[in-house]
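Colleague: Predicted model and sequence below, questions to follow.
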Amino acid sequence: MTALEQLGAFIATHKPDAPARAAARLHTADTIGAWIAACGTAEGRALLVFRKDSDALADRVAVNVALTRLSEIDDIHLGAMVTPGAIVVPSALTVAATLPDLAANDVIAAIVAGYEAMIRLGVAIDGPSVLYRGIWPTYFAAPFGTAAVAARLLKLDERQTANALATALIMAAPGVGHHAAPTTARWLAVGYAAGRGLQAAQSAAAGFTSDLKIADGDFLKNIFGLAPNTALLGGGLGTLALAQTSFKPWCAARQTMAATQALKEVMAEGVSADSILRIGVAVLPPHLKMIDHGVTAGDRFSHLTSLQYQMAVAALDPDAAYGLSGPAGAISSALAAFMARIQVRAEEGLLGAGYPQAWPAHVTVTASGRRERSVSHVPGDPARPYSEADVKAKFVRMVSGVLGEQRAGAEFAAALSAVERPSALIDELAKIGAAQTAA
């Protein structure tokens, strides 16, 4: 069997057990929180207006995926460098809402399948390495993940599912370049990549076939310079990929979080922000260029990816770490002064600390004395797992700006049960979006 035939058989037949079903519900609720929170941003409102006049299912999948992914608070698989929830969950719920005869376990199985497909592909192409040469692993894997979701929801057989995956793979694209505008096409691009995955599954259901050997041959190597590990793509990662996926504890690039968490832990021991004279940070060499920089007013990405900014916010204005839009203008002089005390360097030794399954950092804080802290796992990682209470606390914090705190709590209960009533959930999210564009 080819790698895609093996994966197709898994997607068509796998029945998630009780722990997987519980994990799927938590990740679904967390992702819905990101989806709602994004509706309150300028980018989110632009996406909602863009979709307003289209009822096509692929367009609805595209915009719902785009909304969720732009939040930057969606989950992530570190070893794949893929953010699966933002692609898989909106795709699954949007498609399931049009299929009234589905049971909750059908929707859960589709979500588990989507995580598995995206993450296996991300690991197989060595996502943590290819990102830094211009291939965005989530974008590349988005059609593949949605094709897996739709194939399971449409109840395609093993052969049809393999053809859906193969068609999705020929629809993949490498990246979107750099975008910093408030109405960037970056999110539209990843949303429509997911929409192509739906079309791949629909085409397989209609009898279209594709090259089932495409992952095993030289196509990806010749076109993208990728040589996927087909044993991982077809045979899996040893445990279910969903169980290896991290929740994000706040809104930032995940590459900044270990060092920021280390500073937070040092300060929790009694070190005040105004006593800190200098902070030295050792980070993974592949991450240095991405995160060692200042910020530019109006460039949201520069704030999300600046380690200095994220650490300064954690020290001086921790609530700002939960704001999706970032500051409207220049940062305060206090934040700028704190950022200037932070020196970042690459440390080769950190690559031996479990990378890429873990993204460690080491922080040295000089205040009245010297404190050091190494962090390999942040809250929300599988090694520091989130409970339902943790996911709810994050959900309420992120969604309150759109819905208010009281309603946010009630919406979390609805999000937890979304797999049982996807149509009602989609209708509710449409009303939330309409209210935001009317405001």
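Modeller: Great, that's in hand.

Colleague: how much space is there between the most centrally placed residue in the chain and Tyr115?
Modeller: The residue lying closest to the centre of the chain (CA atoms, centre = their mean) is Thr83, at 2.8 Å. Distance of Thr83 to Tyr115, computed by CB to CB, to the nearest Å: 11 Å. To be clear about C-beta, it is placed using only N, CA and C from the backbone, and glycine gets the same treatment.

Colleague: joint contacts of the two?
Modeller: Listed as contacting both Thr83 and Tyr115 by CB atoms under 8 Å, 6 or more residues apart in numbering are His77.

Colleague: mind exporting stretch 242-253 as CSV, just the C-alpha atoms?
Modeller: C-alpha atoms of stretch 242-253 as CSV (Å, rounded to 0.1, in the frame of the first residue of the first chain):
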residue,chain,number,x,y,z
LEU,A,242,-4.4,14.9,18.8
ALA,A,243,-2.9,13.8,22.1
GLN,A,244,0.4,15.4,21.2
THR,A,245,-1.1,18.8,20.4
SER,A,246,-0.6,21.9,22.6
PHE,A,247,-3.1,24.5,23.7
LYS,A,248,-1.7,28.0,23.5
PRO,A,249,-1.9,29.8,26.8
TRP,A,250,-2.0,33.4,25.4
CYS,A,251,-1.9,35.2,22.1
ALA,A,252,1.6,35.2,20.7
ALA,A,253,4.0,33.3,18.5
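
Colleague: Can you list the low-confidence ranges for the stretch 151-300 of the chain?
Modeller: The model of the stretch 151-300 of the chain has pLDDT under 70 over residues 179-183.

Colleague: Strands of that one, start to end?
Modeller: 278-283 (DSSP state E, counting those that start in this stretch).

Colleague: where along it do the helices fall?
Modeller: Using DSSP state H, counting those that start in this stretch, the helices of the stretch 151-300 of the chain run over residues 158-170, 186-205, 219-224, 230-235, 257-268, 285-291, 300-305.

Colleague: Next, format those helices as JSON lines and append distance to Val365 and mean neighbour count.
Modeller: Shown next, in JSON lines, are the helices of the stretch 151-300 of the chain (distance: least, CB to CB, whole Å; neighbours: other CB atoms under 10 Å):
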{"stretch": "helix 158-170", "distance to Val365": "47", "mean neighbour count": "25"}
{"stretch": "helix 186-205", "distance to Val365": "35", "mean neighbour count": "25"}
{"stretch": "helix 219-224", "distance to Val365": "42", "mean neighbour count": "14"}
{"stretch": "helix 230-235", "distance to Val365": "39", "mean neighbour count": "18"}
{"stretch": "helix 257-268", "distance to Val365": "5", "mean neighbour count": "23"}
{"stretch": "helix 285-291", "distance to Val365": "18", "mean neighbour count": "18"}
{"stretch": "helix 300-305", "distance to Val365": "22", "mean neighbour count": "20"}
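
Colleague: Need those in JSON lines (columns: distance to Trp35).
Modeller: Below are the helices of the stretch 151-300 of the chain laid out as JSON lines (distance: least, CB to CB, whole Å):
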{"stretch": "helix 158-170", "distance to Trp35": "22"}
{"stretch": "helix 186-205", "distance to Trp35": "12"}
{"stretch": "helix 219-224", "distance to Trp35": "30"}
{"stretch": "helix 230-235", "distance to Trp35": "28"}
{"stretch": "helix 257-268", "distance to Trp35": "21"}
{"stretch": "helix 285-291", "distance to Trp35": "26"}
{"stretch": "helix 300-305", "distance to Trp35": "18"}
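
Colleague: Check the separation of the first and last residues in stretch 355-368.
Modeller: 33 Å (CA to CA, to the nearest Å).

Colleague: mean confidence score for it?
Modeller: What stretch 355-368 shows for mean pLDDT is 96.

Colleague: For that stretch, buried residues please.
Modeller: 355-365, 367 (16 or more other CB atoms under 10 Å).

Colleague: And stretch 270-285, by the same measure?
Modeller: Across stretch 270-285, burial judged by 16+ other CB under 10 Å covers 271, 276, 279-284.

Colleague: now the end-to-end length of it.
Modeller: 30 Å.

Colleague: do stretch 151-160 as well
Modeller: Taking CA to CA, the first and last residues of stretch 151-160 lie 8 Å apart.

Colleague: how far out from the middle of the chain is it?
Modeller: 25 Å (CA atoms, centre = their mean, to the nearest Å).

Colleague: Name the residues that touch that stretch?
Modeller: Stretch 151-160 is touched from outside by 5, 8-9, 11-13, 92, 95-96, 99, 102, 106-107, 109-110, 113-114, 161, 164-165, 201-202, 204-205, with contacts defined as CB under 8 Å, 6+ apart.

Colleague: what's the angle from the particular helix or strand that has Ala46 in it to helix 186-205?
Modeller: Element membership for Ala46, per DSSP states H and E: helix 42-51. Helix 42-51 and helix 186-205 meet at an angle of 40 degrees, taking axes from the mean of the first three to the mean of the last three CA atoms, to 10 degrees as the criterion.
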